[in-house]
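Participant: Predicted model, plus sequence, below.
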Amino acid sequence: MTRGKRKERIGVVISDKMDKTRVVLVERLAQHPKYKKYVKKRSKFYVHDEKNESREGDVVRIMETRPLSKLKRWRLVEIIRKAEREE
């Protein structure tokens, strides 16, 4: 039995306050059905980060996975770009 292709998204971490959980904001462009103008749409995903390695502002790749909790259905695959940190 083969497993289906899992969805992947790229977004920005907007919250890292929880343990092993991040909130990732994904933006996309969608065409308005009537006016045909492109509109920015946003989605927030709760992402499992096992090693607590991502921080707020990081650009990350996430992948769909089995339900891990009430809200978490995505997991962190990689950190594409680290955010600029002020020491």
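Facilitator: Happy to help now that I have it. Residues are numbered from 1 along each chain as shown.
Participant: how far away is residue 78 from residue 86?
Facilitator: For residue 78, the distance to residue 86 equals 24 Å [C-beta to C-beta, to the nearest Å]. All C-beta spots, glycine's among them, are computed from the backbone N, C-alpha and C.
Participant: what about these two, which has more around it?
Facilitator: residue 78 (12 against 4; other C-beta atoms under 10 Å).
Participant: In whichever strand or helix holds the more buried one, which residues are buried?
Facilitator: Using DSSP states H and E, residue 78 sits in strand 74-81. By 16 or more other C-beta atoms under 10 Å, the buried positions in strand 74-81 come out as 74, 75, 76, 77, 79.
Participant: of those, closest to residue 30?
Facilitator: residue 74 (20.0 Å; C-beta to C-beta).
Participant: what's near enough to touch the closest one?
Facilitator: With contact set as C-beta atoms under 8 Å, 6 or more residues apart in numbering, residue 74 has these partners: 9, 24, 45, 46, 47, 48, 62, 63, 64, 65.
Participant: What residues are bridge-paired with it?
Facilitator: residue 47, residue 64 (DSSP bridges).
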